[in-house]
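Visitor: Take this sequence and fold it.
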Amino acid sequence: MEASSSSLAKLRGAVDRVMSDTRDEQEKRQLNIWSEVASGLKKNVPGADQSGGGRLIKKSLYQHLDSKFNKPTPSEQGGSLRVEDFLQLPHLQRVKALFENYRPPSEADSKARGGKKSKKTKRRQGYLNLGEFTATLNRVIGHDRFSGQLERLYYKLDTDNSGSVTWTEFCNYMMLYLHERDRLTNRVDPPFKAEPRLRHVLHNKQEPTARLLLTGSPTRPISVSKTGCIMLWDCLLKLESHLETQNPPVDLATAGSSAGKRLFSEWVIDAVFMDNCHKLVLSTTGRELKFYDIASNVIKEEYILYGMKSVPTVLKFFFRKEAANTDSHLFAGDDGGNLTEFVFKKPMQQLFDIPPDPNHRSQRIWYYELASHTKCVDAFHHEGLHTEPINELAYLPDNNCTVTCSAAPNNSVVIYELKHRRTLYTFKLRRGAECFDINWTLNLLVTGSHDHLVRFWNPYVTAKHTALLEGHNNAVLSVKIHEKQGCVLSYARDGIIKAWDLKAHVCVQTVTVRIPYSVTDKLPDHMGSPLTLHLGSNTVYLCSSDNILQYRLGKAADPVPGLILTHKAQLCAALYNPTFKQVTTASDDSSMTTWELDTGNKCLAFADTHNKEEVTCLAYDATYRRLFTGSRHGSMKVWNFQTGQVLHELEKTADAEITGMVAAPMQQRILTVGWSREVVCYRDSNPDDTKRVPLEWKGGVWHEDDILSCDFCPPDLLATASYDGAVLVWNADHEKLLLKLREGYHETIEKKMCRAQGLTPPSTRGASDLRSRSRSRSRSRPNSRHRSAYQPPARTPAPVDKLIFLKKRAADRRYRESGFLLTSEAGHIRFWSVHGRRHEMAVFCAAEGGPEAGECVLAMVSNKRDSALVTGDTAGFVRTWSIANYALFQREQLETNSPHCLQEFRAHNAAIVSVDFAEIEVGEFVVTASVDCTAKLFTISGEAVGTFGQPKPWDIGVRKTWMQAQIDRQKFFEDVVTLGEQEAEEDDERTLADSKNEGVDASTSGDEQDNSTDAENGSLKIRSQTMPAIGDTGVYKPLIGAKAEKDFERIRLTRTDRRVEYGGASTHRAVAPGSVCTPYTVLKTTEFKSFNLSDNLPQPSWRAHRSNTVVAAVGSDGQKKQPGRHRPADAESGSETDESTDEEPDRTETQRQVRFPPIVESLRH
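Guide: The predicted structure is shown next:
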């Protein structure tokens, strides 16, 4: 009995422990705990399935239950779930308690013996080292599947490398991570990503557009000008029809005066579209409402409601879609601050009691006679809403309320209830409200005013705004809430559009509206609300003066399909961090980004790291916890790249580019080099010293030109190399020069004498090199990584592009005299021995094309074992060399044979500036960076994994997720659309074959010969633009080059767009071609057509003086005749010319084929 109760207690304890560790309550209900207990008892209790009893093994039962109830989720199994995302509030509460109550064990001194009192090294309560931190988090989580991530998390927390972390550090990191995750998750992308479509409306007669409206289905814009011109557009802003509604000027006779008559014209103030009955309503300065029927493309004026109490300034229409022929509301706000409501009872049948005129003449209705039209319409007048003219109006059907705004400070925005005729809410602004937008779903009211501010309000709280957005420099004329995009759009009088984040209340994008032909010093004219938002097509229309702009919001189409960019500017480096398994990239636009190697996802992005200066140097410290960056103008910073915090700023010594930064951990120094030609030293012992000043480098300045590269080899070796080819090795402990492996280039005596006499010295290194040296002195020479190739002059050292140490080989005493210092110069790799009697041990060419090609190797790196060397050249090729047994021992002669090349592949189509090894559990990978703005990941065998920045991440352990990286940036531009049909292609091949058999004609240019040769080899990509010879049989179509064809198509499309943009002039009204060529006829040019022109046509007089013809002809004998000067007929019948005179082809047996535009064809007919 005691044994059974003891077993039962142990069973309950095991079950309670498993259930407490189970993280999903729903999973507890789905799984049958007791069935799993029975299964565990069968497996772990000896003889449990027999009649005899047994002893319960508590540990085995717990393991069985834990494996059943705490199974890893699919995201955990795939490794995509981060431990930061897994931890929830209960986990964090338990972690906090364990941190606060944790007492670290005392560590006894290793020299303590026996009963003697030992020394204790005390560690304060709440401080956890790596092992304790990992064990604590695993205990809270319930399993150890995040052990690898927890180790990397610990290194992120231990920024000062103290060996322990606290709850405060852990909590600060989690808050920063969660805040950044929420920001990225809820981030509002810039909505304007494409250029707008622009239309210049000539029918406006240089007057602004009063209102732009949108019809229902299909969506078509309707614009109404200030002068009353109504224009119907399609979705691409192409004009379909228009109507001039402006009547002749009205004659006003002055009563009792003989002064004569005065003329005035009415202006259109606003317009609204009645979607259910397809009517357009215009309000004018003559206190009228004009109703137009636009059911078809023919616009007809039906009714004019005149004699209203005030001038309607704003219109609004509402109807219920489910009951389109029932009560429809038309609201009109006037310049007296009053509101008039028209309720049309049967709008689809008849608006007023007077039917439309059968002769299509407008019916005039006096406003005060609407009482006799009660069968069709009712009118309600609401007075005293504002003391100023109403600027904007909205109707809320759920509450039967209107929202209006005006420039009045005491009643800027008013929410008015129509049924009870009372004001519900009044918002007061000191300078009034020019515009507003309201969204009851978001419970948000947005206003814009003349004080340049955008305000967010709660519609039920009038005391104070919820957010105040500053950024505009002029009056805000229009605001629109885009709920789906998560932003608010605002437009100011100076032509600036801003997009504001709805949640963060910050500006996410600023767009400047540019009109090519507008006057720059004059602000554009606007009327009403310039912005019109259409949510269905995600489009914004803007009316600016007599122009209409159409913006497509959202994701823009890639300019080059499939092109993926890591940064927007050229990259300077991409480094792999083995501690965190991350890749850090930096570019010339002063941005820096950290990426996950396993997935390619972006971890953290840095913008303006050096105040928009180019980042030219990137390096890690020895612990891979800190990141060093150097800029174009000499500024240097030390970063905690996991949080984006600047730990230290190094004071610059000169306004010169930084090309190298290394950390000497034993010396506690940071060493930097650059175009200042000196080694600069900084103290690296005090972690709290944020501003660090340079120390004096005792070794002095030995370089006579810009230092381009450096590297540090523990414990105390520093190597530097400069643009003049000098390679120096320093002792970092004593800060002195150890040896000069090679002297730099020096001027000859002749050059020095010329300089002393004030003459220009002769160039022996080449003009390009002298230019580079002169730029170097002025600190304006471009970085060496930006050049594509370099060929040094003869007998002169080349600039050293890269320098690295083989640290594993240098630490091995057996290879003390081996070549463990490598330099790259003009595409050659040199192995140098620092301690041997012969310093230069080996040299071989590692660049594409050999020494004659002039390519350079700008990037080198070796693996941890120093058995493989990876190089990247300016041609975009990556090569892996086996150097395990290369240049190990001293020899009498220089080794010139290259080591075995293990792998070669092209990673980029531009110069590679950085390569790095990444050795992980899955395998070995290579990280590359190029000036083509991309950083890529490859396997060591050359298989592409992906490009950092691609939209779809990869899984480093799953080969199926690897994507073929883009190797050739120009491959999208090399696909040439061939001209003609298949018959023309066959004629091309036949003509090229005939040219091959008959030989190249004397009139054929060198370019044509090259094209023919390329065609034979099958590499012809662009056809010749020269007209071919014409044969007797068949009709041959001319060969036009792909570039010319694209230019023709571009010109045609440009003219077509211009024809649409500038008024849509009709060619039927223009002068017919034949006598006069009008501009409209030229703009109407479409495709080029081919036709045969008879050879019997007479030659014009001006043609007789042209020497170089472009048409070759073939005579009746089949021989090709050289084209030349066209001569008159009488010249042909004269005496024979000399051999150099060109012969005229036989015009009776051949025809010439010429390609002309349709205008010429019309002239011909």
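Visitor: sec struct for Leu98, please.
Guide: helix (DSSP: H, G, I helix; E, B strand; the rest coil).
Visitor: since we're on it, how many residues are nearby?
Guide: 18 (other Cβ atoms under 10 Å). All C-beta atoms are positioned from the backbone trio N, CA, C, and that covers glycine.
Visitor: ok, now Gly384?
Guide: 12.
Visitor: How about Lys480?
Guide: 18.
Visitor: if I look at it, how far off is Leu535?
Guide: Lys480 sits at a distance of 10 Å from Leu535 (criterion: Cβ to Cβ, to the nearest Å).
Visitor: got any ranges where this protein has weak pLDDT?
Guide: For the chain, the stretches flagged by pLDDT under 70 are 1-80, 106-123, 184, 246-264, 297, 517-521, 555-562, 746-796, 963-1050, 1052-1165.
Visitor: List phi and psi for Asp85.
Guide: phi -80, psi -30 (degrees, to the nearest 10).
Visitor: quick one: contacts for it?
Guide: Asp85 sits next to Arg181 when contact means Cβ atoms under 8 Å, 6 or more residues apart in numbering.
Visitor: cool, and the one 10 residues further on?
Guide: Counting by Cβ under 8 Å, 6+ apart, Val95 touches 87, 136-137, 140, 167, 170.
Visitor: In this structure Ala607 contacts Thr593, no?
Guide: No - in this structure Ala607 lies outside contact range of Thr593 using Cβ atoms under 8 Å: 9.5 Å.
Visitor: Look at these two and report which has more neighbours.
Guide: Taking other Cβ under 10 Å, Ala607 and Thr593 do not tie; Thr593 has more neighbours (22 against 11).
Visitor: For Gly949, see how far away the more buried one is.
Guide: 8 Å.
Visitor: Could you tell me which residues touch both of those two?
Guide: Common neighbours of Thr593 and Gly949 (Cβ under 8 Å, 6+ apart) are 566-567, 602.
Visitor: most surrounded residue in those residues?
Guide: Going by other Cβ under 10 Å, Thr566 tops the shared contacts of Thr593 and Gly949 with 24 neighbours.
Visitor: Which of the three states applies to that residue?
Guide: coil.
Visitor: Test my guess that it contacts Ala935.
Guide: Yes - assessed by Cβ under 8 Å, Thr566 is found in contact with Ala935 at 4.5 Å.
Visitor: so what's in contact with the two at the same time?
Guide: 585, 929, 947-949.
Visitor: quick one: which of these is nearest Ala271?
Guide: Gly949 (46.8 Å; Cβ to Cβ).
Visitor: Show me the beta-bridge partners of Ser709.
Guide: Ala721 (DSSP bridges).
Visitor: Contacts only, for it.
Guide: 659-660, 720-721, 800-803.
Visitor: Inside strands: which ones of those residues?
Guide: Among those, DSSP state E puts 659-660, 720-721, 800-803 in strands.
Visitor: Tell me the one of the shared contacts of Thr593 and Gly949 nearest Ala408?
Guide: With Cβ to Cβ as the yardstick, the closest approach to Ala408 among the shared contacts of Thr593 and Gly949 comes from Lys602, at 50.0 Å.
Visitor: Quick check: chain neighbours aside, which residue is closest to Tyr460?
Guide: Tyr425 (7.0 Å; Cβ to Cβ, 6 or more residues apart in numbering).
Visitor: Assess the claim that the one you found and Pro459 are in contact.
Guide: Yes - judged on Cβ under 8 Å, Tyr425 makes contact with Pro459 at a distance of 6.8 Å.
Visitor: shared neighbours of the two, anything?
Guide: Residues touching both Tyr425 and Pro459 (Cβ under 8 Å, 6+ apart) are Ile415.
Visitor: Strands along the stretch 301-450 of the chain, start to end?
Guide: Assigned by DSSP state E, counting those that start in this stretch, the stretch 301-450 of the chain shows strands spanning 312-318, 328-334, 339-344, 363-366, 377-382, 390-396, 401-406, 413-417, 422-427, 435-439, 444-448.
Visitor: next structured bit after the last one?
Guide: Sequence-wise, the next helix or strand downstream of strand 444-448 (DSSP states H and E) is strand 454-457.
Visitor: C-terminal to that next one, what's the next element?
Guide: Assigned by DSSP H and E, the successor of strand 454-457 is strand 467-469.
Visitor: Against Asp916, how distant is Leu212?
Guide: Distance from Leu212 to Asp916, by Cβ to Cβ: 55 Å.
Visitor: With Leu739 instead?
Guide: In terms of Cβ to Cβ, Leu739 sits 29 Å off from Asp916.
Visitor: Tell me who's in contact with Gln509.
Guide: Going by Cβ under 8 Å, 6+ apart, the list of residues near Gln509 reads 190-192, 498-499.
Visitor: check contacts around the closest residue in space to Thr245 that isn't next to it in sequence.
Guide: Of all residues not flanking Thr245 in the chain, Gly228 sits nearest, at 4.1 Å (Cβ to Cβ, 6+ apart). Contacts for Gly228 (Cβ under 8 Å, 6+ apart) come out as 244-246, 266-268, 282, 284.
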